[in-house]
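Trainee: kindly generate the corresponding structure for this input.
(one chain, ligands or ions: 2)
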Amino acid sequence: MADRDNNEDKFKRNLMLLIASIIAVFVLCVACFFGYKMYLEGKEKEVAYTELITDLNESKIEKIKMTAGSASIKVTYKGEEKEEERTKTVLVPSLQAFMELVQEKVDKEGLKIDLKQEPINPVLRTTDTLFSMLPTILLVVLMLMIFKMQGLGGDNNGKVYGGEENKKTGVKFEDVAGLDEEKGELIEIVDFLKNPKSYLDMGAKIPRGILLYGKPGTGKTLIAKAIAGEAGVPFISMSGSEFIEMFAGLGASRVRKLFEKAKKMAPCIIFIDEIDAIGSRRTSSSGAESENNQTLNQLLVEMDGFASNETIIVLAATNRPEMLDKALLRPGRFDRQVTIPTPDLNGREAILKLHCKDKKIDPEVDFRSLAGDTAGFTGAELANVLNEAAIIATRINHEAITREDIENAIKKITVGLEKHNRVVSEKDKKLTAYHEAGHAVVSKFLPTQTDVKEVSIIPRGLAGGYTMYKTNEDKFYISRTELLEKMVALMGGRAAEKISLNEISTGASNDIEVATGIARDMLTVYGMSDVLGQISLKVDEPYELQMYGENIFNEVGEQVKVLIDKAYVTAQQILIEHRELLDKVALTLLEKETISEEEFNTFFE
Ligand code: ADP
Ligand code: ZN
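Mentor: Ligands and ions are numbered 1, 2, ... in the order given. Okay, the predicted model is just below:
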């Protein structure tokens, strides 16, 4: 519902913008047209000063009209036509000299001089100026309208869930699965919001800002909504990227309005998503960045500014804590930080169960083992898996969602959709079979690599085939050996192509990309190189790299190559040694297209 309203709003806004732009262009054209016409008319009736002097000497002039203090005079030529037709405008460079010249003519020839002391009728003058300024005024009005529609005005400063009439975001802590410790940490915020008075009476300061760190989809918005829901206070939300505007000063003004609104609604929660969009480190540069600085400064001012009796708690979310300006983290601002991790085994099981509540699910489904298959998935991804599973189950007329449906959904999300209809040539099939068999066989001989779960040459997504590994362990650290062996497993595909078909293909491009990334991170992030040592080349600003000298880049490049080459050679050695296994797996793949874990393991007995 809210989304649709939003879309309608957006549509209206865009339409108004379009109309305003058309009017603006029209007004500009009209203004130009009239301006040009006036210019031409003026030109026609203008006479050059030198010409005037000649005419004056030849006694062609009847009358001169001057206004004190103005260099522009009106001369009326002798003639029969209407006086207006005969009157021209002349710009006089030096009135003093001109007056002397004219004086002579007045004395000798009786030339009429009409010298006005006062300026032209002041009322006439203002209307005149007003008229000439009309296009400008219109344009300014239009600009203001555009600004307003862009959200400077009224109602676009944060969506409000809840509010006086309906004090609910509709979300409670029970809707957030897992994250027990985090909920425990945040439950006191609920209490602050419910009974601010008892805390204030005790002399306790209510925290103002809480920063939630975590990957996208880990449930930061959800938990913030749940806090508001539990406390029964309004939830005002806005995304950091919405503050970033092309018009200078707009971001800051939005921050101000957001807090004004919150003050009226206190006690309440303000939720700023993607705060890194405004809260990234301030720089000294100009342009868009200084606009950013203004927005951030305003946020700091607002956070420092609310009185202790205003119970407003600002929750902000980011997945890039290292980007944030240190000033944001000072006491009185976002001085509490809560990390929202990707769910562990128990967390994933709880999330899966929670999201199955409103779905028809086969009672045979084992959530524990599904949780085991989805290490690294965020809450949002798990919710997505179950939704895909429901779609798959509906499409193939299942009574309820089965384990198989869920597994297919996981595959669809991780490797892409099966492409049964893609026509694959025999040659490509053979290449893919050897490539995937290469990965699988090499992994089997690497102690740190997890077991193969499925090997297939059915195209999925962009890949011609895939090798799926079991993910049965939540790991916190990864050892150097494991990274090295991971690279060997990745090189297994290309090595198999080379050994069995004496040809290499583009099919290995992704493997190579991933392996290169691992090698680079080992050297520049994890300090795992004997040659480079325990050094981190992760920097915030490119210029910082200069501090390490130029040699280090050559060294990194060389060492990346050394690591990859080693991995490739190792993969080849393993495959040469177990050539008959490689052939067996590849031929079985060509015959059956997919090999399960059990079948694969029988080759090694
Ligand atoms: P974030 O704000 O961290 O990017 P969201 O809070 O928007 O993530 O999460 C997106 C969706 O993922 C939620 O609406 C919810 O359906 C699901 N989700 C994420 N984490 C959880 C969780 N711990 N329990 C239940 N659902 C979750
Ligand atoms: Zn591969």
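
Trainee: going forward, measure contacts and count neighbours with C-alpha atoms only.
Mentor: Fine.

Trainee: can you tell me the closest non-neighbouring residue to the most centrally placed residue in the chain?
Mentor: Nearest to the mean C-alpha position of the chain, by CA atoms, centre = their mean, lies residue 241 at 5.9 Å. Counting by CA to CA, 6 or more residues apart in numbering, residue 241 lies nearest to residue 277, which is 5.6 Å off, once chain neighbours are set aside.

Trainee: so the residue nearest to the centre of the chain makes contact with residue 274?
Mentor: Yes: with contact defined as CA atoms under 8 Å, residue 241 reaches residue 274; the gap is 6.9 Å.

Trainee: name the element the residue nearest to residue 241 belongs to?
Mentor: Assigning secondary structure by DSSP states H and E places residue 277 in helix 276-279.

Trainee: and the contacts of that helix?
Mentor: 240-241, 243-244, 292-293, 295-296, 318, 320-321, 323-325, 328 (CA atoms under 8 Å, 6 or more residues apart in numbering).

Trainee: which SSE is immediately downstream of that helix?
Mentor: Defined by DSSP H and E, the subsequent element after helix 276-279 is helix 288-305.

Trainee: report the mean per-residue pLDDT for that next one.
Mentor: For helix 288-305, the mean pLDDT works out to 77.

Trainee: which parts of the protein sit against ligand 1?
Mentor: Neighbours of ligand 1 within the chain, by CA under 6 Å from any ligand atom: 175-178, 216-222, 351, 379-380, 383.

Trainee: show me where the stretch 451-600 of the chain has helices.
Mentor: 480-501, 509-524, 551-577, 579-592, 597-602 (DSSP state H, counting those that start in this stretch).

Trainee: what of the stretch 251-400 of the chain?
Mentor: Listed in chain order, the helices of the stretch 251-400 of the chain (DSSP H, counting those that start in this stretch) span 276-279, 288-305, 345-356, 367-373, 379-395.

Trainee: stretch 343-363: how far from the chain's middle?
Mentor: Offset of stretch 343-363 from its chain centre (CA atoms, centre = their mean, to the nearest Å): 31 Å.

Trainee: and it, end to end?
Mentor: 23 Å (CA to CA, to the nearest Å).

Trainee: with stretch 440-455 instead?
Mentor: Distance between the two ends of stretch 440-455: 7 Å, counting by CA to CA.

Trainee: mean confidence for it?
Mentor: Averaging pLDDT along stretch 440-455 yields 92.

Trainee: do the same with stretch 181-197
Mentor: The average pLDDT within stretch 181-197 is 87.

Trainee: that stretch: how far from the chain's middle?
Mentor: For stretch 181-197, the distance to the chain centre is 31 Å (CA atoms, centre = their mean).

Trainee: how about the strands of this protein, start to end?
Mentor: In the chain, the strands defined using DSSP state E lie at 46-47, 61-67, 72-77, 87-91, 112-116, 159-161, 209-213, 235-239, 268-273, 312-318, 336-339, 452-456, 466-469, 594-596.

Trainee: so where's the stretch 351-500 of the chain uncertain?
Mentor: Scanning the stretch 351-500 of the chain with the threshold set as pLDDT under 70 gives 420-421, 472-474.

Trainee: now do 90
Mentor: Across the stretch 351-500 of the chain, the ranges flagged by pLDDT under 90 are 357-359, 362-365, 369-377, 408, 410-429, 450-451, 453, 458-478.

Trainee: same check, this time on the stretch 101-250 of the chain
Mentor: 101-173, 178-209, 215, 230-234, 236-250.

Trainee: just the helices in it please.
Mentor: 122-147, 180-194, 196-201, 220-231, 240-243, 250-265.

Trainee: show me how the protein divides into domains.
Mentor: Here the domain parsing of the chain from automatic domain parsing is 2-123, 159-339, 345-414, 426-602.

Trainee: what's around residue 332, how many residues?
Mentor: 17 (other CA atoms under 10 Å).

Trainee: what residue in this protein is the furthest from its centre?
Mentor: Each residue of the chain has a distance to the centre, and by CA atoms, centre = their mean the biggest one is for residue 108: 82.5 Å.

Trainee: separation between that residue and ligand 1?
Mentor: Distance, residue 108 to ligand 1, by CA to the nearest ligand atom, to the nearest Å: 94 Å.

Trainee: before we move on, the earlier item: hey, C-alpha coordinates of the helix holding residue 277 in PDB?
Mentor: Only the C-alpha atoms of helix 276-279 are listed here, as PDB (Å, rounded to 0.1, in the frame of the first residue of the first chain):
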ATOM      1  CA  ASP A 276      27.300   6.300   5.100                       C
ATOM      2  CA  ALA A 277      25.700   8.300   2.200                       C
ATOM      3  CA  ILE A 278      25.800  11.400   4.300                       C
ATOM      4  CA  GLY A 279      28.000  10.400   7.200                       C
END
